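A.B. asks: Sequence first, then the predicted structure, then my questions.
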Amino acid sequence: MSTPWWRWAGRDEVSRVDAYTRQSLYVLLWGSPFFFALQAVAQVPVEQYDLALAVSVAGLVLCLPATRVLREVIEVHPSAGPLPRRAVPFLALLAAAYVAALWLPQETRGLAVMLVWSALAWSVAGLRGRTATAVLLAVLTVAPAVASGEPVLALLGLGVGGFFVFTVRVSLWVLAVVRELDEARRSRAALAVAEERLRFSRDLHDVLGRHLSVIGVQADLAATLAERGDPGAGARMREVRAVAHEALRQARELARGYRGTDWAQELEGARSLLRSAGTEVDVAVDALPPAWHEPAAWVVREAVTNILRHSAATRVEVRWADGELCVTNDRPAPAGAQVGTGLQSLSDRLAPLGAALRTAHTPDRFSVVAALPGTAPAVVPAAGAGLAAGAGLAAAEGGAR
């Protein structure tokens with residue numbers, strides 16, 4: 001179910017610009033008959049007021065199909081495709097109304113012609129293409145002059161008609177630019193997610209690639225020893241089992257996000273991801289205690305993942321002050337929107353270390369705050385596990401050879 005146009009808080013920036021553009025053009029379309037009717041009051045004789053009122057009502061009725069055509073023109077823009085399906089019968093209706101206006105008394109004829117003229121100008125001015133533009137400007141120029149018999153009004157029709165066309169075209173151009181920028185932002189965000197997946201695949205390769213190579217070499221060696229009847233085959237198979245268990249443990253840690261994390265690398269990776277998604281990043285964490293580097297990396301990783309998935313952020317701040325690491329972004333998802341369980345899992349991971357996690361949400365900002373005490377973590381994370389495992393694997397591989 002779509003959000004009502006008057007509920008701006010539930011719309012993103014593109015939807016707001018779209019709604020503002022449409023409403024502005026609709027107001028101009030429907031406001032023109034009132035303007036011309038008020039102007040005609042001073043010119044129409046009293047005995048023709050009833051006729052002028054009927055013509056004004058007819059002009060308002062004419063705005064109904066004009067609005068439908070304008071809506072289709074907005075949907076087609078900026079392509080220079082064929083006329084919208086409702087445009088042809090609408091143009092025929094305008095032509096019939098213009099011919100009928102020529103039979104009205106001179107004092108009321110001008111009002112009727114201007115009502116038809118404004119409905120034409122506002123409804124199809126957004127059509128692209130040189131031919132459509134030339135024909136529209138020609139009709140807007142000639143129609144007032146023919147109806148009044150005064151050639152000088154052709155200049156007025158051209159000037160005012162050109163201004164109307166320019167107004168509609170500029171409004172729709174701005175809307176198209178905003179849509180393209182939003183699509184580009186979405187593409188950058190998708191590329192950032194793809195880059196993060198690539199990083200994860202590299203981590204998975206680093207964790208399992210050499211383990212599996214060692215298992216293969218050791219298994220071949222154990223098979224050879226077994227064929228020779230060498231009692232060392234059993235020892236080799238136990239080494240294979242140990243390596244397989246280590247590979248399984250590290251794969252689980254990687255899948256659950258528990259693998260040893262380098263703070264500087266994680267911070268730089270987050271900065272790179274956000275910037276590739278078109279987001280400005282401000283980092284001030286120089287005073288963060290080294291003992292908290294790995295838990296802080298967890299926080300930054302999860303917060304950045306949420307920003308990419310659940311917001312349209314243009315600015316992110318990562319700050320350490322007064323014992324708290326705070327990751328804040330603008331343009332968050334509306335409160336109550338569907339989110340994952342990553343923050344709850346992160347809170348569960350931080351709790352045994354003596355740290356606490358909380359969030360703060362306002363209509364224009366979202367913050368993830370990790371309170372990290374001044375003392376060292378209650379459970380020291382295994383920051384060097386990855387390097388130690390790599391060294392062990394290298395030694396095992398060398399022994400296999």
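C.D. replies: Done, it's in.
A.B. asks: looking at it, E13 is touching V178, isn't it?
C.D. replies: Yes: counting by CB atoms under 8 Å, E13 touches V178, with 7.5 Å between them. (C-beta placed from N, C-alpha, C; glycine too.)
A.B. asks: ok, these two, which is more surrounded?
C.D. replies: V178 (17 against 14; other CB atoms under 10 Å).
A.B. asks: which one is that one nearest to, not counting chain neighbours?
C.D. replies: Closest residue to V178 apart from its sequence neighbours, by CB to CB, 6 or more residues apart in numbering: V17 at 4.7 Å.
A.B. asks: do the same with L204
C.D. replies: Per CB to CB, 6+ apart, closest to L204 is L254, 6.2 Å.
A.B. asks: Which secondary structure elements does the helix or strand hosting the one you found sit against?
C.D. replies: Taking DSSP states H and E as the criterion, L254 maps to helix 232-256. Judged by 3 or more CB pairs under 8 Å, 6 or more residues apart in numbering; DSSP states H and E, helix 232-256 is in contact with helix 153-228, helix 385-400.
A.B. asks: and A112, which of those helices is closest to it?
C.D. replies: helix 153-228 (14.7 Å; CB to CB).
A.B. asks: Who are the packing partners of the closest one?
C.D. replies: Using 3+ CB pairs under 8 Å, 6+ apart as the test, helix 153-228 ends up in contact with helix 13-41, helix 106-124, helix 130-148, helix 232-256, helix 263-276, helix 293-310, helix 385-400.
A.B. asks: And those: which comes nearest W173?
C.D. replies: Judged by CB to CB, the one of the helices and strands packed on helix 153-228 that comes nearest to W173 is helix 13-41, at 10.0 Å.
A.B. asks: residues near V318, how many?
C.D. replies: 25.
A.B. asks: Tell me if I am right that it is in a strand.
C.D. replies: Yes: checked against DSSP: H, G, I helix; E, B strand; the rest coil, V318 lies within a strand.
A.B. asks: Chain neighbours aside, what residue packs nearest to it?
C.D. replies: Leaving out its chain neighbours, the residue that sits closest to V318 by CB to CB, 6+ apart is V283, at 4.7 Å.
A.B. asks: any idea how far the one you found lies from S272?
C.D. replies: The gap separating V283 from S272 is 12 Å, by CB to CB, to the nearest Å.
A.B. asks: that older thread, tell me, how many neighbours does the residue nearest to V318 end up with?
C.D. replies: Neighbours of V283 (other CB under 10 Å): 16.
A.B. asks: so it, which of the three states?
C.D. replies: strand.
A.B. asks: one step back: what's the neighbour count on the residue nearest to L204?
C.D. replies: With other CB under 10 Å as criterion, L254 counts 17.
A.B. asks: In this model H211 seems to touch it, though I could be wrong.
C.D. replies: No: counting by CB under 8 Å, H211 is not a contact partner of L254; they are 11.7 Å apart.
A.B. asks: Can you tell me, leaving aside adjacent residues, what's nearest to Y98?
C.D. replies: Y98 sits nearest to V116 (CB to CB, 6+ apart), 5.0 Å away.
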